[in-house]
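Chemist: Task: produce atomic coordinates for the following.
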Amino acid sequence: MILDSNFLIHLERERRRQEQGSASQFLLSNAGSALAITPTIAGEIACGNSMSDRKSWQKYIGFFTCLEITREVSWHYGEVFRHLKKSGQMIGQNDLWIAATALAHRRPVVTRNISEFARVPDLEVREF
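Modeler: Modelled structure (predicted):
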């Protein structure tokens, strides 16, 4: 599974508050699943104030496999871009890279941003 940045933000807030919310419960109910992020998600997390210290950021994202942006990912990016542009349902560029990575690596995206990711054909989207 690819954990979207909004999932990771919720998870970090839950950790700081020492509470078990929807992100923690999702992980518990999916124990044993392979958890991944993308370079785009790692960059989004680095933008946040709570991860402005590089060591904190590296420690936090180090728990997850970071999937590479490959030629296959780039091809999916182009396909999805053309489809969404033609249908007039374009999504944000970062979400487009995340979706392309998920399609290329055959992984679902775990997010609260269902409305954008649901526009991408053949993408499995899970809400937490």
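
Chemist: Can you show me the helices along the chain?
Modeler: 5-17, 22-29, 39-47, 54-61, 71-87, 93-105, 114-117 (DSSP state H).

Chemist: Point out the other helices and strands that the first one packs with.
Modeler: Of the remaining helices and strands, those touching helix 5-17 by 3 or more C-beta pairs under 8 Å, 6 or more residues apart in numbering; DSSP states H and E are helix 22-29, helix 39-47, strand 109-111. All C-beta spots, glycine's among them, are computed from the backbone N, C-alpha and C.

Chemist: returning to what we had before: mean neighbour count for the helices of the chain - can I get that in CSV?
Modeler: Compiled in CSV, those are given as follows (neighbours: other C-beta atoms under 10 Å):
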stretch, mean neighbour count
helix 5-17, 17
helix 22-29, 15
helix 39-47, 17
helix 54-61, 13
helix 71-87, 15
helix 93-105, 22
helix 114-117, 17
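
Chemist: Let me have the ones you listed in TSV, extended by distance to Val125 and mean pLDDT.
Modeler: Converted to TSV, the helices of the chain look like this (distance: least, C-beta to C-beta, whole Å; pLDDT from 0 to 100):
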stretch	distance to Val125	mean pLDDT
helix 5-17	12	95
helix 22-29	13	97
helix 39-47	15	97
helix 54-61	22	96
helix 71-87	13	98
helix 93-105	9	98
helix 114-117	5	97
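
Chemist: Relative to Glu124, which of the ones you listed is closest?
Modeler: Closest of the helices of the chain to Glu124 is helix 93-105, at 7.6 Å (criterion: C-beta to C-beta).
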